[in-house]
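Undergrad: here is the input, now give the coordinates:
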Amino acid sequence: MKRALVALLFAGAAVLATAAPAAAHNALIGSDPKDKTSLEVGPSTVTLTFDQDVQGGQGINAISVVDSSGGHYEVAGDPTIRDTAVSQKVEALGKAGEYKIGYRILSADGHPVSGELTFTLTKDGTGTPRQVEADSRTDQQQSDGLPIWVWIVGAVVLLGGGVFFALRGGNTKA
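TA: Here you go, the predicted structure:
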């Protein structure tokens with residue numbers, strides 16, 4: 001019986017040691033321009049506001065502004081980060097129509113967070129789009145880690161195996 005109790009305690013400690021922390025990824029709480037808004041003049045800067053600080057670093061975060069033909073209007077280079085706000089300068093926009101703001105930022109918990117907003121330009125601008133190669137920071141969906149069920153199944157298997165071997169070991173006589 002002592003072996004079973006020791007094995008159970010060991011298995012419980014292993015489960016606690018391997019448990020994943022709760023995922024608390026950043027959430028977008030505001031934007032300028034606002035999602036699905038109409039503008040007569042394109043913005044000179046896009047600003048996205050999140051519920052937590054955004055981690056910085058060269059080449060980590062990205063914001064893109066793209067027209068319906070795939071032409072880019074964001075100024076090349078990394079966006080500016082100020083606590084929870086991420087801003088990217090934007091060139092003069094081109095033809096009237098729908099524009100997409102794509103983003104990928106590094107969350108406070110270290111996971112990438114990506115998404116997309118849209119706005120409509122109601123009058124032609126003076127800008128000319130530029131074509132860029134696909135940017136894996138904004139165009140590629142990234143995994144946010146293992147799903148929680150994987151951790152739960154692993155814990156159950158570990159705990160069950162520990163109890164099984166502890167009880168089996170207690171029934172053998174030398």
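Undergrad: ends of stretch 93-100, what's the gap?
TA: 12 Å (Cα to Cα, to the nearest Å).
Undergrad: distance from that stretch to the middle of the chain?
TA: Relative to its chain's centre, stretch 93-100 lies at 26 Å (Cα atoms, centre = their mean, to the nearest Å).
Undergrad: how about that stretch, which residues are buried there?
TA: 93-94, 96, 99 (16 or more other Cβ atoms under 10 Å). Yep, even glycine has a C-beta here, placed from its N, CA and C like the rest.
Undergrad: just these now: which is nearest Glu40?
TA: Ala96 (9.3 Å; Cβ to Cβ).
Undergrad: which ones are touching the closest one?
TA: By Cβ atoms under 8 Å, 6 or more residues apart in numbering, Ala96 lies in contact with 120-125.
Undergrad: select the helix or strand of this structure having the lowest average pLDDT value.
TA: helix 136-139 (a mean of 44; mean pLDDT, DSSP states H and E).
Undergrad: just to revisit the earlier point, which of the contacts of Ala96 count as buried?
TA: So, by 16+ other Cβ under 10 Å, the buried ones in these are 121, 125.
Undergrad: pLDDT weak spots in this protein?
TA: 1-24, 133-151, 170-174 (pLDDT under 70).
Undergrad: beta partners for the residue most central in space within the chain?
TA: The chain has Val113 as the residue nearest its centroid, 1.6 Å off, counting by Cα atoms, centre = their mean. On the basis of DSSP bridges, Val113 is bridged to Ile105.
Undergrad: doesn't Ser107 make contact with it?
TA: Yes. Between Val113 and Ser107 there is a contact under Cβ atoms under 8 Å: 4.8 Å.
Undergrad: okay, and the common contacts of those two?
TA: Joint contacts of Val113 and Ser107 (Cβ under 8 Å, 6+ apart) are 25-26.
Undergrad: check the secondary structure at Val156 for me.
TA: helix (DSSP: H, G, I helix; E, B strand; the rest coil).
Undergrad: repeat for Gly161
TA: helix.
Undergrad: how about the one 4 residues further on?
TA: Look at Phe165: counting by three-state DSSP, its state is helix.
Undergrad: ok, it - how many residues close by?
TA: Phe165 has 14 neighbours, counted by other Cβ atoms under 10 Å.
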